[in-house]
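S.K.: coordinates for the following, if possible.
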Amino acid sequence: MRDALQGRVSIVTGSSRGVGRACAIALARAGSHVVLAAKSVRPHERLPGTIHSVAEEIKSAAPDVTVLPVACNVRKEEDIQAVVDRTLNEFDRIDVVVNNAGAAWWFPVSETPSKRFDLVMDVNFRAAHILSRAVLPTMMKARFGHIVNMSPPLIRPAMVVDRCAYMVSKFGMTYLSLAIAEEHRKDNIASHALWPVTLIESAATRNLGLGSIEQWRKPEILADATVALCSQDPTRVSGRAWMDEEVLGELEGVTDFSGYACVPGTSPARIPW
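M.R.: Just a heads-up that it's a prediction; the model follows:
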């Protein structure tokens, strides 16, 4: 099924590092042209990677595809629309959207000022809603599309403790996935939520002090799951909140996930939520 992405066009937000970078590279290796939409255009000492450095990685890893880096602050609707417009001008199609850009704030309600609440809502739920809405007319016309939101299953109430604003913004993305799946099933557009079983190595896990490298998996597990989902016929898989192991197990037959451990030979624990 991996040849299903040959010649497709994918937009990945938050693609200058971490999970977004891994997804962009994986989609390109599967044959998709890739639009890198992220805020980082110059290197930062605490946040390595830019849309331009990832573009160079893709050119080396998948020289036959076209990569388009577009600076985008997902808190600005005009920036999101500019990404869509430039993508259509360059490729005249949009087949896949990965709403990966994220802001984290893992603190209790009493320690969440309005500006932090607004940040996670804007970057997580609002941006995903705006970009998804902006690409739907093109996908409807083509009668094809996959939208992947990096967000969790809904039946985990313990997840909101000490991180309520963040998780509500992420649950919003999952509800968005479910809504689009039902509203556009007749248009052959699939929508998915995708979440990791374990903590994933990223700037967020490092900066928030979420354990140590022995407890993390590589972001490539989410990238491989994204490619597996978007390689399916949209009528086959849509409207589900997946865990990464479920995707790779059910769609790819993977049973050994040890290769994704950041430290070989370790067994990162499942997130206890």
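S.K.: check which helices and strands the one helix or strand T87 maps to is in contact with.
M.R.: Here T87, judged by DSSP states H and E, is contained in helix 77-91. Judged by 3 or more C-beta pairs under 8 Å, 6 or more residues apart in numbering; DSSP states H and E, helix 77-91 is in contact with strand 9-13, strand 33-38, strand 67-71, helix 127-142. C-beta here means a position set from N, CA and C on the backbone, and glycine is covered the same way.
S.K.: right, and the ones you listed - which one's nearest K170?
M.R.: helix 127-142 (9.7 Å; C-beta to C-beta).
S.K.: picking up where we left off before, now the helix or strand just after the helix holding T87: mean pLDDT?
M.R.: Using DSSP H and E, the next helix or strand after helix 77-91 towards the C-terminus is strand 96-99. Average pLDDT, strand 96-99: 98.
S.K.: going along the chain, name the helices of this structure.
M.R.: 18-29, 51-61, 77-91, 114-120, 127-142, 164-183, 203-207, 220-230, 244-252 (DSSP state H).
S.K.: for these, which one sits closest to A101?
M.R.: helix 127-142 (6.0 Å).
S.K.: let me know the pLDDT of the residue sitting furthest away from the middle of the chain.
M.R.: Distance from the centre of the chain peaks at S110, with 29.2 Å (C-alpha atoms, centre = their mean). Note on S110: pLDDT of 92.
S.K.: and it, how far is that from C164?
M.R.: 10 Å (C-beta to C-beta, to the nearest Å).
S.K.: swap in G102?
M.R.: G102 sits 16 Å away from C164, going by C-beta to C-beta.
S.K.: neighbour count winner among those two?
M.R.: G102 (24 against 18; other C-beta atoms under 10 Å).
S.K.: quick one, what contacts the more buried one?
M.R.: Counting by C-beta atoms under 8 Å, 6 or more residues apart in numbering, G102 makes contact with G14, V123, N124, M150, A204.
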